[in-house]
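[1] Any chance you could fold what I've pasted below:
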Amino acid sequence: MPRKKQFQWQADETYSPTVDMPSRSAKKRESLALQKLGEALTQLSPQEVREIGLSADLVEALALYARIRDHEGRRRQLQYIGRLMREIDSAPIRAALEALNAKKAASASALHTAEQWRRRLLEAPAGELNDILLQLSSVSLMAMQDSKKRSAVPSQEDLLFLIQAARTEVHEHKTPHAQRALFRALHSLLTHNKMR
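    Predicted coordinates for the structure are as follows:
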């Protein structure tokens, strides 16, 4: 029996050269992009994977990837994840990953800001301390409507006490318990401001 040709067109089918079919290179680039997206998914924690809402096959493939320790096995599993990614719409996954990355960046920014305020409060001369606290109070939210949230936010007296204790720790080279407490208080103060 003669071998069937790859392309056999019938008379009723019309060929339209205006329809652009993606080239092999374009398909390969898309496939690699989806594989990189799958690789980004492998970096997420199981809780973050559940929040994104992926298909059961993809969640199972990601869990298996996390258990594999062999380099070649991981590479092959990553290719399988890329193949699964080609079967689903990747736009919601990209959007969810961007949202997660933005959330992580905001959290890191809040930590850096709290550290900058802590360093500024510890290094400032005693005479400038009240001015810095006024600047901090203008940045933060000192009076909150909700009493629960108000109790979580430290008062100015609490901050002054923590600053003095942290300064004492620095000068006496003690374990930085008060410095850590000051950092947590400043972080709480600044993050409640962002929630408003």
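[2] going forward, measure contacts and count neighbours with C-alpha atoms only.
    Fine.
[3] pLDDT weak spots in this protein?
    Across the chain, residues meeting the criterion (pLDDT under 70) sit at 1-19, 139-153, 192-196.
[4] Run through the neighbouring helices and strands of the helix or strand hosting residue 33.
    In this structure, residue 33 sits in helix 24-42 according to DSSP states H and E. Using 3 or more CA pairs under 8 Å, 6 or more residues apart in numbering; DSSP states H and E as the contact criterion, the elements in contact with helix 24-42 are helix 56-67, helix 71-86.
[5] buried sites along that helix?
    Buried residues in helix 24-42, defined by neighbour count with 16 or more other CA atoms under 10 Å: 31, 34, 35, 36, 37, 38, 39, 41, 42.
[6] Could I get the helices and strands packed on helix 24-42 in TSV, plus columns for distance to residue 22?
    Formatted as TSV, the helices and strands packed on helix 24-42 follow (distance: least, CA to CA, whole Å):
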stretch	distance to residue 22
helix 56-67	26
helix 71-86	15
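[7] between these, which one is nearest to residue 178?
    Among the helices and strands packed on helix 24-42, the nearest to residue 178 by CA to CA is helix 56-67 (38.7 Å).
[8] same for the closest one, what does it pack against?
    Helices and strands touching helix 56-67, by 3+ CA pairs under 8 Å, 6+ apart, are helix 24-42, helix 71-86.
[9] of the ones you listed, which approaches residue 116 most closely?
    In this view, those are compared for proximity to residue 116 by CA to CA, and helix 24-42 is the closest at 30.8 Å.
[10] Give the buried residues for the helix or strand following the closest one.
    Remark: after helix 24-42, the chain's next helix or strand is helix 46-52, criterion DSSP H and E. Neighbour counts using 16+ other CA under 10 Å place 49, 52 of helix 46-52 among the buried residues.
[11] Then stretch 130-139?
    The neighbour-count criterion (16+ other CA under 10 Å) identifies 133, 136, 137 as the buried residues of stretch 130-139.
[12] likewise stretch 181-189?
    Buried-residue list, stretch 181-189, by 16+ other CA under 10 Å: 181, 182, 183, 184, 185, 186, 187, 188, 189.
[13] same check, this time on stretch 63-74
    Buried-residue list, stretch 63-74, by 16+ other CA under 10 Å: 65, 74.
[14] Repeat that for stretch 91-101.
    By 16+ other CA under 10 Å, the buried positions in stretch 91-101 come out as 93, 94, 96, 97, 100.
[15] likewise stretch 103-115?
    Here stretch 103-115 shows 110, 111, 113, 114, 115 as buried, counting by 16+ other CA under 10 Å.
[16] give me the element the third one is part of.
    Okay, so that is residue 113. Assessed by DSSP H and E, residue 113 sits inside helix 91-123.
[17] Okay, and the nearest residue to residue 177 once chain neighbours are set aside sits in which element?
    Excluding the flanking residues, the one nearest residue 177 by CA to CA, 6 or more residues apart in numbering is residue 166, at 7.7 Å. Using DSSP H and E, residue 166 sits in helix 156-172.
[18] Helix 156-172 and the helix or strand following that helix, what's the angle between them?
    Downstream of helix 156-172, the next assigned helix or strand under DSSP H and E is helix 177-195. Helix 177-195 runs at 140 degrees relative to helix 156-172, counting by axes from the mean of the first three to the mean of the last three CA atoms, to 10 degrees.
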